[in-house]
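Chemist: Just to be clear, the model below is a prediction. Sequence and coordinates:
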Protein chains: 2
Amino acid sequence: MTVQDIRAFNRFYTNVIGALDYSRHLYAPYTLTESRVLYELAHSPRTDAADLRAELTLDAGYLSRILNKFEQDGLIERTPSRRDPRRRRVTLTARGRETAALLAERADESVGALLATVPPAERPRLSEAMRTVRTLLSDGRPPRREDVVLREPGPGDLGWIVARNAALYAAEYGWNADYEGLVARIVADFAEDHDPHLERVWIAELDGRPVGCVMCVRDDAPATARLRLLLVEPGTRGLGIGDRLVTAVIDFARGVGYRDLVLWTNDVLAAARRIYQRHGFVLVAEKPHRSFGKDLTGQDWRLDLTGTGE
Amino acid sequence: MTVQDIRAFNRFYTNVIGALDYSRHLYAPYTLTESRVLYELAHSPRTDAADLRAELTLDAGYLSRILNKFEQDGLIERTPSRRDPRRRRVTLTARGRETAALLAERADESVGALLATVPPAERPRLSEAMRTVRTLLSDGRPPRREDVVLREPGPGDLGWIVARNAALYAAEYGWNADYEGLVARIVADFAEDHDPHLERVWIAELDGRPVGCVMCVRDDAPATARLRLLLVEPGTRGLGIGDRLVTAVIDFARGVGYRDLVLWTNDVLAAARRIYQRHGFVLVAEKPHRSFGKDLTGQDWRLDLTGTGE
DNA sequence: CGGTATCTCTGACTGAGTCAACTATCTATC
DNA sequence: GATAGATAGTTGACTCAGTCAGAGATACCG
């Protein structure tokens, strides 16, 4: 139950933050809230009081007093905004910048002490996990098509293709380890010997992690290319990633002179079939078979690349 | 710079928690701290006041007053501890349990609203990332040997072997994609056809994620087994995982009647070599070769399984 | 037994944050 | 251009979460 996970995490992280703040001298002679205001000012140097209020969700009266204190201490200057004389433009003085830097330094030290307890080899995992939490929780904006990029595979990506194909089809359709072997065989053949002009793999990447793939290789038949291993991570379906991958294969195959593009799939993979249909593939044969521990119906699809190429 | 990442995350998560707590009615008629106490009581029903103080790092006087309030409201009962009459045993009443449940429910709702903004398919990633942050930051206790378990591969694990072998050796030694192809070939051969009585793969798992692997297959020579693809994630080295994996292979090979265990490695892999030496392997041949885009020196090692088997 | 530490409680206090009232100004509408 | 309503900022008054110090009771240690 994820709600429980989140609550557990909240309790945990409340303690982490509490532990960091515990030695209150961190902010001396200011408070946590005051230092947040100072931080905000240091990182967007000219802001109106109203912006600060909105950004940090502070009480207007509270903020007003904090700014009074800062002004007395010579950390800020307040001038009326030209645009709207009700608003007050707040600017850090040189001294304010110094103080902000000092507080930042202390915070860095304290966080550094925390970080020192994490083995260096694990730190990238920590950064990565924190980024994941942030992006998933921050306003939950759905990823956009433009965030997805297609690229060539790097080290480990072929293994990723094997792992994700196996794990997903095991989870969704109960296929057994034979399928993982088949995929491993396909990527092994590809890695071992392929003509980069005629055969290629694409990885779809979203925010730095792979979320899809497809492969284009030569088929036995002359001037025929074969599309294989089309996969899109469930969490990112509906972004047109499958379409883009298939388009990449079609354009590539046509561009290097193949006349036909074929593929083999199974009738249970409805989402993939719709993609193929959209791109003009036609079903040319269908045959039941027993594979991967299931009774399946294999399908051969074909696309004529010499036809009405745009 | 990871310190900055953490601080950014702290600022972010301060806001998340603040947003959740903002509607203070969440805890009405109690405060956040009071509800934390209640939560703690509900989850370890008989505790002394001193335990609560330690667990939640509260001021003794503050806690005393909170418990007074709870007692007045009929949520708890206080009795002197038998073991030490200075201590006070605190127990929730039925009414206390009800109240705790009510508060928990409200918190669940509020967290649920947050969770609702995360697409369902991404929730496992969120849980996973939070767990990672927790385990890495929680007192930085290094993982213990006992936390590592060896198991058979599940769906996707063979792909994981390919991916991690390729990514690690690319990062550490600059090996090219040929190596990924070789590993894929090895796991494909294994997956496609292996006698489970004579050939096997082990995955080392730590906190639910794979951190190491090894494979044992039949060699061409009679009564000879071959150890392949020994790998331990850098972050978890030093926990004896490599030793356990090699031991697993040796015990297995000896147990099913192999007389020899051989392996091929490269001299650059010093850490692995030390493991093999510890287990009694002897170097039988060495030959330079050019593979994976590098000039390497391959080594054949052998262990006589019929010898002084314990 | 005496000295010291620990557990709990209460009184007294601090100060972070809230609320409400007020002024001044902007914006929208008739 | 007059009026109504919203918004920005300020100040006074207040609340109440959390801290600190001291006291009584008891444990632990020599």
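Modeler: Nice, I can see it. Residues are numbered from 1 along each chain as shown, chains lettered A, B, ... in the order given.
Chemist: residues near the closest residue to DNA strand D within the stretch 1-150 of chain A, how many?
Modeler: Taking C-beta to the nearest atom of the strand as the measure, the point where the stretch 1-150 of chain A comes nearest DNA strand D is A:Gly61, at 2.5 Å. From N, CA and C alone the C-beta is placed, and that goes for glycine too. A count of neighbours around A:Gly61, defined by other C-beta atoms under 10 Å in any protein chain shown, yields 8.
Chemist: On the pLDDT front, check it for me.
Modeler: With respect to pLDDT, A:Gly61 has a value of 92.
Chemist: Now do the same for it: helix, strand or coil?
Modeler: Local secondary structure at A:Gly61 is given as helix here, using DSSP: H, G, I helix; E, B strand; the rest coil.
Chemist: can you pull out the strands in the stretch 1-150 of chain A?
Modeler: Counting by DSSP state E, counting those that start in this stretch, the stretch 1-150 of chain A forms strands over residues A:46-48, A:76-80, A:88-92, A:148-151, given from the N-terminal end onward.
Chemist: wait, which of the ones you listed is closest to B:Gln4?
Modeler: When these are compared by C-beta to C-beta, strand A:88-92 sits nearest B:Gln4, at 19.9 Å.
Chemist: Contacts for that closest one next, please.
Modeler: Contacts to strand A:88-92, defined as C-beta atoms under 8 Å, 6 or more residues apart in numbering or on different chains, come from residues A:41-42, A:45-49, A:52, A:67, A:75-81, A:100.
Chemist: what does stretch A:115-134 give?
Modeler: Identification of contacts with stretch A:115-134 by C-beta under 8 Å, 6+ apart yields B:2-3, B:5-6, B:8-9, B:12-13, B:125-126, B:128-130, B:132-133, B:136-137, B:139-140, B:142, B:234-235.
Chemist: Going by neighbour count, which residues in stretch A:221-231 are buried?
Modeler: For stretch A:221-231, the neighbour count (16 or more other C-beta atoms under 10 Å in any protein chain shown) marks A:224-231 as buried.
Chemist: biggest separation within those, which pair?
Modeler: Checked with C-beta to C-beta, the buried residues of stretch A:221-231 reach their widest spread between A:Thr224 and A:Leu231, with 22.0 Å between them.
Chemist: domain ranges for chain A?
Modeler: Chain A breaks down into these domains under automatic domain parsing: A:2-137, A:145-304.
Chemist: ok, now which ones touch A:Arg218?
Modeler: Residues counted as contacts of A:Arg218 (C-beta under 8 Å, 6+ apart) are A:195, A:198-199, A:224-226.
Chemist: when you check DNA strand D, which of these turn up near it?
Modeler: Among those, proximity to DNA strand D is found for none (C-beta under 7 Å from any atom of the strand).
Chemist: In CSV: these, plus pLDDT and distance to chain B.
Modeler: Formatted as CSV, the entries for the contacts of A:Arg218 read as follows, by pLDDT from 0 to 100; distance: C-beta to the nearest C-beta, whole Å:
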residue, pLDDT, distance to chain B
A:Asp195, 89, 14
A:Leu198, 94, 17
A:Glu199, 96, 13
A:Thr224, 95, 23
A:Ala225, 96, 20
A:Arg226, 97, 18
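Chemist: any chance of those in TSV, plus secondary structure?
Modeler: As requested, those are exported to TSV (three-state DSSP):
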residue	secondary structure
A:Asp195	coil
A:Leu198	coil
A:Glu199	coil
A:Thr224	strand
A:Ala225	strand
A:Arg226	strand
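Chemist: separation between A:Pro124 and B:Leu245?
Modeler: Between A:Pro124 and B:Leu245 the distance is 24 Å, computed by C-beta to C-beta, to the nearest Å.
Chemist: ignore the last one, A:Leu102
Modeler: Relative to B:Leu245, A:Leu102 is positioned 50 Å away (C-beta to C-beta).
Chemist: which one of these two has more residues nearby?
Modeler: Neighbours around A:Leu102 and B:Leu245, counted as other C-beta under 10 Å, are more numerous at B:Leu245. The numbers are 26 against 11.
Chemist: Quick check: which element contains the nearest residue to the more buried one once chain neighbours are set aside?
Modeler: If the residues on either side of it in the chain are set aside, B:Leu245 comes closest to B:Val214, at 4.0 Å by C-beta to C-beta, 6 or more residues apart in numbering or on different chains. Taking DSSP states H and E as the criterion, B:Val214 maps to strand B:209-218.
Chemist: Quick check: mean pLDDT of that strand?
Modeler: Rounded to a whole number, the mean pLDDT of strand B:209-218 is 95.
Chemist: Run a quick neighbour tally on whichever residue of the stretch 1-150 of chain A sits closest to chain B.
Modeler: Checking the stretch 1-150 of chain A residue by residue against chain B with C-beta to the nearest C-beta singles out A:Thr117 as nearest, at 2.8 Å. Taking other C-beta under 10 Å as the criterion, the count of residues near A:Thr117 is 13.
Chemist: Now do it against A:Thr14, distance only.
Modeler: On the measure of C-beta to C-beta, A:Thr117 and A:Thr14 end up 18 Å apart.
Chemist: before we move on, what about A:Glu77?
Modeler: Per C-beta to C-beta, A:Glu77 is found 36 Å from A:Thr14.
Chemist: and what of A:Ala167?
Modeler: Using C-beta to C-beta, we find A:Ala167 at a distance of 34 Å from A:Thr14.
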